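# Sequence first, then the predicted structure, then my questions.
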Amino acid sequence: MSNQQLQQEIDSRRTFAIISHPDAGKTTITEKVLLFGALIQKAGTVKGKKSGQFATSDWMEMEKERGISVTTSVMQFPYNHCLVNLLDTPGHEDFSEDTYRTLTAVDSCLMVIDAAKGVEERTIKLMEVTRLRDTPILTFMNKMDRDIRDPIDLLDEVESVLNIACAPITWPIGCGKEFKGVYHLLRDEVILYKSGMGHTIQDVRIIAGINNPELDATIGSLAETLRDELELVQGASHPFDQELFLKGELTPVFFGTALGNFGVDHMLDGLTEWAPTPQPRETNSRVVQPHEPGFSGFVFKIQANMDPKHRDRVAFLRICSGKYEKGMKMRHVRLGKEVQVSHALTFVAGDREHVEEAWPGDIIGLHNHGTIKIGDTFTVGEDMQFTGIPNFAPELFRRIRLRDPLKQKQLLKGLVQLSEEGAVQVFRPIDSNDLIVGAVGILQFDVVVHRLKSEYNVDALYESINVSTARWVYSDDNKAMAEFKKKASQNLALDGGDNLTYIAPTMVNLNLAIERYPNIQFSKTREH
Ligand code: GDP
């Protein structure tokens with residue numbers, strides 16, 4: 001491999017994920033993106049509930065019944081001069097810790113907003129996570145074929161609620177039945193929309209120049225309205241600024257309809273032109289540059305039973321530097337062991353394929369027989385550990401109990417292993433024999449019971465418990481810690497990795513504890 005080849009591969013990579021509130025249109029956009037990426041001939045095959053057939057990412061009967069997908073699959077496709085990796089994040093009620101962690105493995109995000117609804121709660125939460133790394137954000141205002149809110153209001157809301165400046169790249173002409181298309185502010189052209197063409201890549205009609213009389217002839221008085229509106233918009237919004245975008249301080253905004261397959265390509269043009277190439281990553285000892293020749297990467301997700309025929313676990317590894325080559329030896333840093341990786345997987349539109357080579361920004365899947373944990377680093381020899389792959393404090397808690405009390409040991413083993421995989425978190429209160437399971441998304445609970453049964457042969461059930469939030473606790477002050485442990489013991493628990501945690505019945509209780517113990521740090525995230 002020459003340095004030049006490595007650099008070329010890096011320059012062509014864009015690795016991103018979509019963040020949105022359920023129903024904003026993430027799945028539909030994914031379908032169109034893949035359509036443009038020439039991966040699927042006809043849009044409509046990503047999610048079972050739409051096409052009637054199940055996508056390969058649906059891996060459990062339970063999911064199929066619900067018609068949703070728990071998995072975070074990875075898709076790679078060419079677009080313009082780039083190879084784009086799209087990391088899918090579950091967007092429904094099955095929201096999980098995987099969703100959060102996936103955002104640590106990308107270099108940019110697309111935020112999809114339902115233009116009739118504006119900024120919604122899940123989007124706010126996901127944006128918080130992207131802020132941990134100041135990830136650059138592109139924005140797509142979806143569903144322009146419906147009656148939406150005033151576009152200027154929408155930008156205002158994004159700016160004030162999400163605290164990011166908006167730079168409209170396209171501007172909509174009408175909406176709902178009157179949606180005529182968009183004006184591209186940077187190209188100075190109007191791109192006209194035709195309804196009913198959502199399943200194909202449209203032959204669009206383009207009118208060059210905002211003052212072109214052809215525009216008036218085509219859309220009538222809307223042309224004049226557009227000119228007036230643009231003056232207002234340009235006064236009230238920000239011009240696109242690449243540097244601010246890369247810092248995560250400004251988002252380019254596109255308008256369109258995913259269902260009508262209009263505007264998604266404008267967004268993809270922006271993504272390939274502006275979004276960052278694979279970025280340097282921090283480790284506990286130094287910053288790793290993508291163009292370093294030595295291979296390195298970290299595991300951000302572990303998934304069990306992706307394919308019922310395989311019944312295996314796959315660790316998803318984001319490559320940070322160098323090149324992956326089939327059959328190469330890697331160092332599993334935590335275990336201090338060399339391992340040979342003969343067949344890593346790549347994920348082209350959900351199909352599992354064996355990769356010959358892969359580059360920074362790419363995701364490969366490693367077969368995992370229980371030796372790989374979330375956050376593990378792989379290198380070609382160097383002992384370092386990538387940082388910034390956190391656990392997030394769970395928001396939902398249940399007590400887990402066995403139907404057969406003789407299997408307590410197996411239950412604990414299963415729960416600890418599942419927590420190492422990141423499927424769920426487990427807490428053992430210091431003062432009792434309870435086992436508490438904590439999750440970010442409700443579906444994680446069902447997955448855990450299902451997997452305990454099928455993989456550990458334990459029959460478990462849940463009971464409600466009076467816990468509403470948890471924080472990992474630390475202190476440099478040993479005396480304060482000892483005092484805290486004594487006084488607050490009824491609220492303390494150990495997690496799956498034996499880290500001390502404060503579990504609180506209410507937010508009020510938590511806030512009181514934070515006030516009462518100023519020398520103790522209460523943290524919402526914990527690094528692996
Ligand atoms: P997700 O939950 O974010 O993945 O959203 P989906 O892609 O499943 O979309 C939710 C619903 O909105 C579906 O019924 C879609 O058909 C619909 N939808 C998505 N994009 C558009 C759009 O541009 N216009 C309209 N009218 N409906 C849309």
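Everything's here; your move. Residues are numbered from 1 along each chain as shown.
# Below-threshold pLDDT in the chain: ranges please.
Filtered on pLDDT under 70, the chain yields the residue ranges 1, 38-72, 90-95, 304-312, 346-354, 528.
# which bits of it sit near the ligand?
20, 22-28, 91, 142-143, 145-146, 257-260 (C-beta under 6 Å from any ligand atom). All C-beta spots, glycine's among them, are computed from the backbone N, C-alpha and C.
# Now intersect those residues with the helices, please.
Members of the residues of the chain next to the ligand lying in helices (criterion: DSSP state H): 26, 27, 28.
# before we move on, back to that, can you say which of the residues of the chain next to the ligand are buried?
20, 22, 24-28, 91, 142-143, 145, 257-260 (16 or more other C-beta atoms under 10 Å).
# If residue 19 is in a bridge, with which residues?
Here residue 19 sits in beta bridges with residue 111, as judged by DSSP bridges.
# burial count for it?
Residue 19 has 27 neighbours, counted by other C-beta atoms under 10 Å.
# Report the contact partners of residue 338.
Neighbouring residues of residue 338 by C-beta atoms under 8 Å, 6 or more residues apart in numbering: 329, 330, 331, 332.
# Revised request: answer the last question for residue 109.
16, 17, 18, 19, 103, 126, 130, 135, 136, 137, 138.
# Likewise for residue 245?
Residue 245 is in contact with 136, 167, 251, 252, 274, counting by C-beta under 8 Å, 6+ apart.
# ChimeraX command to pick out the buried ones of these?
A single ChimeraX command is used to select the members of the contacts of residue 245 judged buried by 16+ other C-beta under 10 Å:
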select :136,167,251,252,274
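# Which members of the contacts of residue 245 are the farthest-apart pair?
Farthest-apart pair in the contacts of residue 245 is 136 and 167; separation 12.1 Å (C-beta to C-beta).
# Could you tell me which residues touch both of these two?
Residues touching both residue 136 and residue 167 (C-beta under 8 Å, 6+ apart) are 245, 251.
# quick one: contacts for the closest residue to the ligand within the stretch 51-200 of the chain?
Closest to the ligand within the stretch 51-200 of the chain is residue 143: 3.9 Å, counting by C-beta to the nearest ligand atom. Counting by C-beta under 8 Å, 6+ apart, residue 143 touches 25, 114, 115, 116, 257, 258, 259.
# out of the residues you listed, who's nearest residue 483?
When the contacts of residue 143 are ranked by distance to residue 483 (C-beta to C-beta), residue 114 comes first, at 49.8 Å.
# Torsion angles phi and psi at the spatially closest residue to the closest one that is not a sequence neighbour?
Spatially, and ignoring its direct neighbours in sequence, residue 114 is nearest to residue 24 (4.3 Å; C-beta to C-beta, 6 or more residues apart in numbering). The phi/psi pair for residue 24 (degrees, to the nearest 10) reads phi -70, psi -20.
# these two touch, right, residue 24 and residue 119?
No: using C-beta atoms under 8 Å, residue 24 is not in contact with residue 119; the gap is 10.2 Å.
# hey, what's in contact with both of the two?
residue 113.
# May I have the helix or strand where residue 410 lies as CSV, with CA atoms only?
Using DSSP states H and E, residue 410 falls within helix 408-421. In CSV, the C-alpha atoms belonging to helix 408-421 read as follows (Å, rounded to 0.1, in the frame of the first residue of the first chain):
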residue,chain,number,x,y,z
GLN,A,408,-29.0,-17.3,39.9
LYS,A,409,-25.4,-17.8,38.9
GLN,A,410,-26.3,-18.3,35.2
LEU,A,411,-28.5,-15.2,35.3
LEU,A,412,-25.7,-13.1,36.7
LYS,A,413,-23.3,-14.4,34.1
GLY,A,414,-25.7,-13.8,31.3
LEU,A,415,-26.5,-10.3,32.5
VAL,A,416,-22.8,-9.4,32.9
GLN,A,417,-22.0,-10.7,29.4
LEU,A,418,-25.0,-8.9,27.9
SER,A,419,-23.9,-5.7,29.6
GLU,A,420,-20.4,-6.1,28.2
GLU,A,421,-21.9,-6.3,24.8
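# Residue 470 belongs to a helix?
No: according to DSSP: H, G, I helix; E, B strand; the rest coil, residue 470 belongs to no helix; its state is strand.
# So in terms of bridging, what pairs with it?
Counting by DSSP bridges, residue 470 is bridged to residue 503.
# Count the neighbours of it for me.
Residues near residue 470, counting by other C-beta under 10 Å: 24.
# so residue 183 sits right up against residue 210, yeah?
Yes: counting by C-beta under 8 Å, residue 183 does reach residue 210; the two are 6.5 Å apart.
# which neighbours do these two share?
Contacts common to residue 183 and residue 210, judged by C-beta under 8 Å, 6+ apart, are 190, 226, 230.
# Return a ChimeraX selection command for the buried portion of the residues you listed.
Restricted to buried positions by 16+ other C-beta under 10 Å, the ChimeraX selection for the shared contacts of residue 183 and residue 210 reads:
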select :190,226
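# Let's see which of the shared contacts of residue 183 and residue 210 end up in strands.
By the criterion of DSSP state E, membership of these in strands covers residue 190.
# As a markdown table, the shared contacts of residue 183 and residue 210 with distance to residue 394 would be great.
Converted to a markdown table, these look like this (distance: C-beta to C-beta, whole Å):
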| residue | distance to residue 394 |
| --- | --- |
| 190 | 49 |
| 226 | 48 |
| 230 | 47 |
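# Nearest to residue 81, out of the shared contacts of residue 183 and residue 210: which one, please.
Closest approach to residue 81 among these (C-beta to C-beta): residue 190, at 25.7 Å.
# check contacts around that closest one.
Residues near residue 190 by C-beta under 8 Å, 6+ apart: 173, 181, 182, 183, 184, 206, 207, 210, 212, 215, 219, 226.
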